[in-house]
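>>> Generate a structure from the sequence data that follows.
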Amino acid sequence: MYLTTVVASPGHVMLVATFPASFQQVKSMRESGFCYLNIFCLLVADMPQPPGGDTYILPDEYNLLMRNKRSLLKAHKTKEFNVETLVVVDKKMMQNHGYENITTYVLTVLNMVSALFRDGTIGGNINIAVVGLILLEEEQPGLVINHHADHTLSSFCQWQSGLMGKDGSRHDHAILLTGFDICSWKNEPCDTLGFAPISGMCSKYRSCTINEDTGLGLAFTIAHESGHNFGMVHDGEGNICKKSEGNIMSPTLAGHNGVFSWSACSRQYLYTFLSSPQSLCLVDQPKPVQEYKYPEKLPGELYDATIQCKWQFGEKAKLCMMDFKKDICKALWCHRVGRKCETKFMPAAEGSICGYDMWCRGGQCVKYGDEGPKPIHGHWSEWSSWSSCSRTCGGGISHRERNCSNPRPSHRGKFCEGSSRMLKLCNIQKCPLNNISFRAAQCAEFNSKRFRGWHYKWKPYTQVEEQYLCKLYCIAEGFDFFFSLSNKVKDGTPCSEDSRNVCIDGICEVVGCDHVLGSSAVEDACGVCKGDNSSCRIYKGQYTKQHSTNQYYNLVTIPAGARSINVYEMNVSNSYIAVRTSSKKYHLNGYWTVDWPGKYKFAGTLFVYRRPYNNPETLSASGPTNESIIIELLSQGKNLGIAWEYSLPKVETKRTHILKHNYTWAIIHPKCSVSCGAGQIVTKETCYKDFQVQVDTSLCDPKSRPATGTIPCKMPACPPSWSVGNWSGCSLTCGGGERFRDVHCMQRIQYEPERVSDSLCQIPAPVTRELCNTQRCPPTWSTGPWSECSRTCGKGWRKRTILCKSFSSSRWNQILPDVACAAELKPKMQETCLMKRCYKNKKLQWFVSAWTEQIVGQDIHVQLNLHEQWADSPLPPTPVRLPRHKAWGQLI
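Next up, the predicted model:
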């Protein structure tokens, strides 16, 4: 047994398992390797460009697409997307954390990932439902895990494709967590953090990522790589978004003031993916087995800042205690050796202690127990004007959009509810008969472009499966190959030649017979939209006669104008249904030749011929036909019965008084779109019988259908009202700051509000200034002024008072014990001071040289030569006069 625990997230299945070396995975249908179009890896430094190439889809890659045909436009409105996720932990990562700790750690990280995908800035509700947790205690056959991220990911994606639950269910997405220092291009450690295929989500072989364990920051790596799997590419690489800090899909991962969010480009990439058939695996609900709760404590409560530092920088790392004045809730600073602190610009986890009685919430250090910044829920902007129609005739698509920017959601606020896009049909009048089809025109656009070095003439190819009807498949004239020249046709392209349904964003959306997008209105057997079959007569019959084999026999003649034609075998037989004209020209199964099942256009309508091997043969058409057709039986044995039915308009008898009704178009002008100011009226056409009774539009002549559109309307000016801007940032992060906002009196006279005098607004103006961040600041050391230096010159000492204080909004400072500020390094209370250089007196020393002799008259004068020295000796005796007859001497 390898199953050790069975748990579940709220309402979802979770299997916690350990795989021994002897475990054998279920063999997949395709043993060969897989390939994917683009792969990005998350690096600390610059990113390599993704390789190009063709995308190959394996036969069983998207086996859920046909099972669920739910409209994705409806799914967008309900935003029900569940990513059933399998998490696999390799042996090295288990050894790093220990078997007894790994489950709690992984669940904590995945809970953080789930919160990131529930963030309001993503534009929807993506639920990361963990349905399996596999702990690899030993090496697994077919799974090679090492430093080489590319090779490891390829091995893991193939390996996980064969895994499934006991009930045969499969996960939507697989995540490999590894303890290896991975590298995208070699089997050695480097700066790669993660690796993932682009747009691989829901693929059996490509919905997988590899993520290097770096501590709780692993959650952001997983979210980033899963974002790639959703089709997101890096911000600033081929899109208009900037490589901003705090964006989850930025090439380098760093928080912005301790907060991570999704950019507008990421939202658009996600919307595009969720609008594709590939995302249908996310629409179903996971099956609950038993309740399981994630750890109730926040990540930072389970793993303090020092543990987080060890995970990021090694066992010797710890929280930086130097006075950097850095907020760990915005960036965690750690210390290893020397007087140097470092950071990876990742915030400390939610719930980390950031001061005395303080913790991190939403990128801010707040009082313990507080939830941090209040969530700001998003609200919609005004609708944009309608776009131009995608077609000039035949039914195109026009759209208008709104943004969740009034205000944008922040601090765990919810994204706006409802759809950001509104669609409608436009230019629904039929195109001229000589026009080429809209799909053919799109294929022809590639005639001037080289395809693998050659020019071809392309025409539509529509013999594809239902889920690919909205891809642009074209076949080269004169050749027997076709190719998908575009992932989706232009909006408004009919899904098929015989359908009024249209393609929008690559999805075939239903159009009712009333030409309303998403409408369920259908024609009755008489061809009347929302009719009751009262305007026609339905003809039915059977043919059970027996005849010789290998001969044609007439069954029924269906006249021109017939609708709702259905011919079918009553039981499976060896015979075939054939169709010819009155002039003996065969349209189907004629001249003893059996045609393939498919669609055939003749007699002015499209016939669908079905011949399944285990069900009766059928032939059907909606009509109306423009000529009579003869249904025949090509007998190949015993006739087990052929039945048919069709409808024809009712014909009035001569005895009946013929009352001819007059059907005319009229234009309805509804109310103005606004109750005050300038707005628009969207006109709509309708059909009236005898100018009195409104009837279905199908009864009026489509050729005389009037043009509709929008016309301006003007209502009384709106009363003046106050317009309030967004609050500015707070001037202080704690202790009571101020924030400001603009308040103006506005009045809508025309289309846009205009600023008017404040005196015109009757009610008092909202406040423009208020206090903010009034919570008490975390304790910090408060330094007093330095005393005077102990000396007036030279080197001395000066002192100051150091107190542990906490500041509040009242500006009253509370003095706390020194232990309350132990998280910060206490400043110096005493330091040396250097004053001006002290003045030193110049000291002289008398030095006596030898006597010299000078004769003046009869006397001999002795001169004493003095030389200055540095000394404090008194002046020597003055020179003395000696008699000539005396010998000179030396002063000792």
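
>>> Could you point out the helix or strand that follows the longest helix seen in the chain?
Longest helix in the chain, counting residues (DSSP state H): helix 99-117. For helix 99-117, the following helix or strand on the C-terminal side (DSSP states H and E) is strand 126-136.

>>> What strands flank that following strand, and is each parallel or antiparallel?
Strand 126-136 pairs in its sheet with strand 14-19 (parallel), strand 81-89 (parallel), by DSSP bridges.

>>> between the longest helix of the chain and strand 81-89, how many degrees?
150 degrees (axes from the mean of the first three to the mean of the last three CA atoms, to 10 degrees).

>>> What residues of helix 99-117 count as buried?
102-103, 105-114, 116-117 (16 or more other CB atoms under 10 Å). Where you see a C-beta, it was placed from the backbone N, CA and C, and this is true even at glycine.

>>> do stretch 622-637 as well
Using 16+ other CB under 10 Å as the test for burial, stretch 622-637 gives 622-625, 629-635.

>>> Put the alpha carbons of that stretch into PDB.
Extracted in PDB, the C-alpha atoms of stretch 622-637 (Å, rounded to 0.1, in the frame of the first residue of the first chain):
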ATOM      1  CA  SER A 622     -34.400  21.900 -42.900                       C
ATOM      2  CA  GLY A 623     -35.500  23.200 -46.400                       C
ATOM      3  CA  PRO A 624     -37.200  24.800 -48.200                       C
ATOM      4  CA  THR A 625     -36.400  22.900 -51.400                       C
ATOM      5  CA  ASN A 626     -36.500  24.800 -54.700                       C
ATOM      6  CA  GLU A 627     -37.400  21.700 -56.800                       C
ATOM      7  CA  SER A 628     -39.100  18.400 -56.500                       C
ATOM      8  CA  ILE A 629     -36.900  15.400 -55.400                       C
ATOM      9  CA  ILE A 630     -37.600  11.700 -55.600                       C
ATOM     10  CA  ILE A 631     -36.500   9.400 -52.700                       C
ATOM     11  CA  GLU A 632     -35.600   5.900 -53.800                       C
ATOM     12  CA  LEU A 633     -34.500   2.700 -52.200                       C
ATOM     13  CA  LEU A 634     -31.400   0.900 -53.500                       C
ATOM     14  CA  SER A 635     -32.400  -2.600 -52.400                       C
ATOM     15  CA  GLN A 636     -29.600  -4.900 -51.100                       C
ATOM     16  CA  GLY A 637     -31.800  -7.500 -49.400                       C
END
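
>>> So, low pLDDT: which residues of the protein?
Where the chain drops to pLDDT under 70, the residues are 1-80, 287-294, 323-325, 339, 652-659, 808-812, 840-892.

>>> Not counting sequence-adjacent ones, nearest residue to residue 526?
residue 536 (3.4 Å; CB to CB, 6 or more residues apart in numbering).

>>> where's the one you found relative to residue 441, distance?
36 Å (CB to CB, to the nearest Å).

>>> helices and strands around the longest helix of the chain, which ones?
strand 81-89, helix 91-97, strand 126-136, helix 218-229, helix 299-302 (3 or more CB pairs under 8 Å, 6 or more residues apart in numbering; DSSP states H and E).

>>> again, 10 Å this time
strand 3-7, strand 14-19, strand 81-89, helix 91-97, strand 126-136, strand 173-178, helix 218-229, helix 299-302 (3 or more CB pairs under 10 Å, 6 or more residues apart in numbering; DSSP states H and E).

>>> could the ones you listed go into JSON lines alongside distance to residue 236 and mean neighbour count?
As requested, the helices and strands packed on helix 99-117 are exported to JSON lines (distance: least, CB to CB, whole Å; neighbours: other CB atoms under 10 Å):
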{"stretch": "strand 3-7", "distance to residue 236": "40", "mean neighbour count": "14"}
{"stretch": "strand 14-19", "distance to residue 236": "37", "mean neighbour count": "20"}
{"stretch": "strand 81-89", "distance to residue 236": "26", "mean neighbour count": "24"}
{"stretch": "helix 91-97", "distance to residue 236": "31", "mean neighbour count": "17"}
{"stretch": "strand 126-136", "distance to residue 236": "23", "mean neighbour count": "23"}
{"stretch": "strand 173-178", "distance to residue 236": "26", "mean neighbour count": "26"}
{"stretch": "helix 218-229", "distance to residue 236": "14", "mean neighbour count": "26"}
{"stretch": "helix 299-302", "distance to residue 236": "29", "mean neighbour count": "19"}
